[in-house]
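Novice: what would the 3D arrangement of this be:
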Amino acid sequence: MRFNAAWSMAVGGMIGGGIFSVLGVVTSVAGPLFPLSFVMGGLIALATAWSYAALARAMGEGGGAFTFLRHERLPRAAAALSWVLILGYTLTMAVYAFTFSAYLSEGLGLGRGLTSAVAIAIVATLVGINLAGVRQAASVEIVSVYAKVLILLTLGIVGVVHWDVGALSRGVSTSGGLIGAVVGASAVFMAYEGFQLLTYDYDDIEDPDRNLTRVLLTAVGAVILVYVVVSLGAVMLTGAGTIVQHKEVALAIAGGRAAGSAGKWTVTVAAALSTASAINATLFATARLTRRVADAGELPRILGARNRRGMPHTAVILLGGIAAALAVLAGLSRLVEAASLTFLLTFAMVAAIAWKELPMGRWVSGAGALGSLGAACVLAVRMALNDPWTLAALAVVTASAVLLRPLVVRRSGSATS
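Specialist: Here you go, the predicted model:
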């Protein structure tokens, strides 16, 4: 992949479902300071993107957090983090499936029961596509990303032209202040995690030592700008309270205010295509990660089994099934916050490794580690107060990765220790 294709994949991985899913969630938490939440979350992502690229360049391979930890000879930590990361990707797919069904159902006027059926159907369809070994071509991804960015920026600019300071606080609490913005940045972090999917394609990037850092940093920077402009524009068009009230389909409501039914349908189609593409890309990457972890003996060997087309079919089916179930059973805010916490923990670990191992740019990786860890702590406290069962479930998954590892390694016949 040349720079343009790689950049498009990184931007698509973030925007793919991010802004369509999280705007109402972050506005409900941060109140009128929601743009600051997007900026703070983006700066943490920027620092960790530099850490990912620097580690991949230093080690001469991609593979993300799991590979980086194994290079550190920390197999227990690698196992635990891989389980958490796979869970994070699965939660992200559930968010995208939820968002896909919400936007499409809003556009078609479907009832709640059919909305759940739509979520299951889109995941099942993309599981089938992945089992067939079909992946979106780079040229299609480039066109798709630029089209999405154009639609979103147009919506944002139309809204910003109708600037109304009162819209920022209309219908939402203004008591949170800066703390609310920090909590919002933590809760919405999954909207930035998609850049790391590109590290799995390290060997497919043209001159990765030179291009990966440039691609990731410029992609994250562009996404911060898009998120701020779009979120401001949407709120100017509808008022913050409406965004929170209709958080599952916030941008479709804004599109309708901007250009009537044509605007609403344009945003709805963009949201459906974006989230479907994001599910497909995330499922493909997560299945490959699961296969890599299983091949290393840190997950049951059956999860690394491949079909005739070379796809890890058991992993694809299992991941898709869990994602579909979560999309139907869990609410949007719960899914977004749980996914954000898993990625904040992952990013903190990767940035800490970069700070420890790489002499250049230690202040950047150090800032990424501290920012990610601090945001994770803030979000964990919020979840402990508001959603303790979800937090407990994440803790159980992490503990299981450590406690069950010896049994998994023995059955896998791995010599890893």
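
Novice: following element in sequence after the longest helix along the chain, please.
Specialist: For the chain, the longest helix by residue count, based on DSSP state H, is helix 250-295. Per DSSP states H and E, the first helix or strand lying C-terminal to helix 250-295 is helix 313-329.

Novice: low-confidence ranges, the stretch 151-300 of the chain, go.
Specialist: Scanning the stretch 151-300 of the chain for pLDDT under 70 picks out nothing.

Novice: okay, residue 248 and residue 295: tell me how far apart.
Specialist: 38 Å (CB to CB, to the nearest Å). To be clear about C-beta, it is placed using only N, CA and C from the backbone, and glycine gets the same treatment.

Novice: what does residue 77 give?
Specialist: When residue 77 is compared with residue 295 (using CB to CB), they lie 18 Å apart.

Novice: pick out whichever of these two has more residues nearby.
Specialist: When neighbours are counted by other CB atoms under 10 Å, residue 77 and residue 295 differ, and residue 77 comes out ahead with 18 against 15.

Novice: touching, that one and residue 69? I think so.
Specialist: Yes - at 5.2 Å, residue 77 and residue 69 qualify as touching, with contact defined as CB atoms under 8 Å.

Novice: need the overlap of contacts for these two.
Specialist: Common neighbours of residue 77 and residue 69, counting by CB atoms under 8 Å, 6 or more residues apart in numbering, are residue 349.

Novice: what's the burial count for residue 7?
Specialist: 21.

Novice: now do it, the pLDDT please.
Specialist: pLDDT, residue 7: 88.

Novice: okay, and it sits in which element?
Specialist: Applying DSSP H and E, one finds residue 7 within helix 3-15.

Novice: what comes into contact with that helix?
Specialist: Here helix 3-15 has contacts from 1, 138-139, 141-142, 144-146, 148-149, 152, 191-198, 201, 205-206, 211-212, 214-216, 218-220, 222-223, 226, 274, 277-278, 281-282, using CB under 8 Å, 6+ apart.

Novice: switch the cut-off to 6 Å
Specialist: With contact meaning CB atoms under 6 Å, 6 or more residues apart in numbering, helix 3-15 is reached by 138, 141-142, 145, 148, 192, 194-195, 197-198, 205, 211, 215, 219, 223.

Novice: roughly how far out does it sit from the chain middle?
Specialist: Chain-centre distance of helix 3-15: 13 Å, with CA atoms, centre = their mean, to the nearest Å.

Novice: just want the angle from the next helix-or-strand element following that helix to helix 250-295.
Specialist: Next in sequence after helix 3-15, counting helices and strands by DSSP H and E, comes helix 18-30. If you take axes from the mean of the first three to the mean of the last three CA atoms, to 10 degrees, helix 18-30 sits at 110 degrees to helix 250-295.

Novice: contact partners of helix 18-30?
Specialist: Against helix 18-30 from outside (CB under 6 Å, 6+ apart): 34, 37, 95, 99, 180-181, 183-184, 187-188, 191, 227, 230-231, 240, 243-244, 247, 250-251, 271, 333, 336.

Novice: mind checking which of those residues are in strands?
Specialist: Among the contacts of helix 18-30, DSSP state E puts none in strands.

Novice: please identify the helix or strand for residue 372.
Specialist: Counting by DSSP H and E, residue 372 is part of helix 362-386.

Novice: return the set of buried residues in that helix.
Specialist: 364-376, 378-380, 382-383 (16 or more other CB atoms under 10 Å).

Novice: I'd like to know which elements it is packed against.
Specialist: helix 34-59, helix 177-187, helix 332-357 (3 or more CB pairs under 6 Å, 6 or more residues apart in numbering; DSSP states H and E).

Novice: my guess is residue 233 meets residue 161, correct?
Specialist: No - in this structure residue 233 lies outside contact range of residue 161 using CB atoms under 6 Å: 8.3 Å.

Novice: more neighbours, those two?
Specialist: Higher neighbour count among residue 233 and residue 161: residue 233, with 25 against 11, using other CB under 10 Å.

Novice: dump stretch 10-25 to CSV, keeping only the CA atoms.
Specialist: Written as CSV, here are the backbone C-alpha positions of stretch 10-25 (Å, rounded to 0.1, in the frame of the first residue of the first chain):
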residue,chain,number,x,y,z
ALA,A,10,-6.2,4.5,9.1
VAL,A,11,-8.8,7.2,8.7
GLY,A,12,-11.5,4.7,7.7
GLY,A,13,-10.6,2.6,10.8
MET,A,14,-11.4,5.6,13.1
ILE,A,15,-14.2,7.3,11.3
GLY,A,16,-15.7,4.0,10.1
GLY,A,17,-18.2,4.1,12.9
GLY,A,18,-16.7,6.4,15.5
ILE,A,19,-18.5,9.7,15.1
PHE,A,20,-21.8,8.1,14.1
SER,A,21,-21.8,6.1,17.3
VAL,A,22,-20.3,8.3,20.0
LEU,A,23,-21.5,11.9,19.6
GLY,A,24,-24.5,11.6,21.8
VAL,A,25,-22.6,9.6,24.4
